[in-house]
Each structure stands twice: as C-alpha cells, then as structure tokens.
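Trainee: Sequence and predicted structure are below.
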Amino acid sequence: MLAEDSAALVGLLVAAAGIALSHRFDMPELDGAASIVIGLLLAGVAVLPIRESRGLLIGEGVRPETARAIRAIALAQPRVRDVGRVLSMYIGPDDVLLTIDLDVDEGTAAADAASAIADVERLVRLCCPRVKRLFIESGAAAGQRR
C-alpha cells in the first residue's frame with residue numbers, strides 16, 4: 001500500500017533526524033521523541049485499512065441511494081403492489097447479497113407474478129452489476145414478515 005510504504009519512508013527520516021539531533025545536541029531524549037513520533041505515524045496509518053475493512057467485516061450493505069433505486073425498480077413493475085425492505089450485505093468487494101420482499105396485486109396469476117419477479121431480477125442486475133446473489137420472495141408470507 002502506498003500509505004504504508006510512505007509511512008515507512010517518513011519513519012526512516014524521522015529516526016535518522018532523531019538520532020542525528022540527539023548526537024548533535026547530546027540529548028538522548030530527542031531519539032526517544034523520534035520513536036514516539038514514529039509510533040504515532042504508524043498507528044495513524046494503521047487506521048486507514050481498519051476504516052476501509054470495517055464495513056466489510058460487520059456486513060456493510062449497499063448505499064441507501066442504491067437501495068432506493070432497487071426499490072423503485074421493483075415498484076415500477078405493473079403487478080407489484082408493495083416492496084418490503086431491501087436487505088443487502090457485501091460478501092466481497094464486488095459481490096453483494098440482496099434480498100427483496102415483494103407483494104403482488106391480489107388475484108395476480110402465478111405466471112404473471114413470476115414474470116414480474118423475473119423483470120425485477122433482470123433490471124436489478126442491469127442496474128447493480130455487483131449484485132451476484134439476489135433473492136426475491138413474493139406473496140402473503142413476505143408481507144407478514146415485515
């Protein structure tokens with residue numbers, strides 16, 4: 001990583017400056033201060049990958065605007081009456097697991113409901129190519145779980 005390599009080089013410069021100044025002024029405290037500065041520098045750089053990885057470790061989902069777009073895609077289908085929460089989780093950097101609960105209009109034939117679900121799936125995959133695992137549930141059971 002660029003940040004880690006840069007921190008290592010800056011750390012070397014700080015160490016060299018600390019040693020040189022401690023010998024020049026006969027103050028060993030400057031060498032110790034340089035060590036503390038290097039420790040703070042390394043700790044600061046360590047926070048960057050922690051912040052980046054944190055979301056993946058705790059199950060970060062898609063952005064709210066992406067979830068709203070997916071919800072709008074589903075609601076735009078003529079036989080879809082309501083959409084439950086769009087639940088998502090990153091499985092990897094480019095791999096999203098997504099679940100959607102759909103309620104279709106009462107009296108919709110099974111073939112028409114299946115067609116609407118297939119349309120939602122196709123459009124979501126076009127809109128969000130990172131969605132690799134997509135689970136869509138429809139019917140009365142989906143509505144009762146909300």
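Mentor: Great, that's in hand. Numbering: from 1, shown residues only.

Trainee: contact partners of stretch 111-125?
Mentor: Residues from elsewhere that reach stretch 111-125 (C-beta atoms under 8 Å, 6 or more residues apart in numbering): 70, 73-74, 77-80, 98, 100, 102, 104, 108, 131, 134, 136, 138-139. From N, CA and C alone the C-beta is placed, and that goes for glycine too.

Trainee: now, which of those lie within strands?
Mentor: Val80, Leu98, Ile100, Leu102, Val104, Val131, Leu134, Ile136, Ser138 (DSSP state E).

Trainee: By neighbours, which of those wins?
Mentor: When neighbours are taken as other C-beta atoms under 10 Å, the top entry among the ones in strands among the contacts of stretch 111-125 is Ile100 (26 neighbours).

Trainee: leaving aside the residues next to it on the chain, what's closest to it?
Mentor: Nearest non-adjacent residue to Ile100, counting by C-beta to C-beta, 6 or more residues apart in numbering: Ile136, 5.0 Å away.
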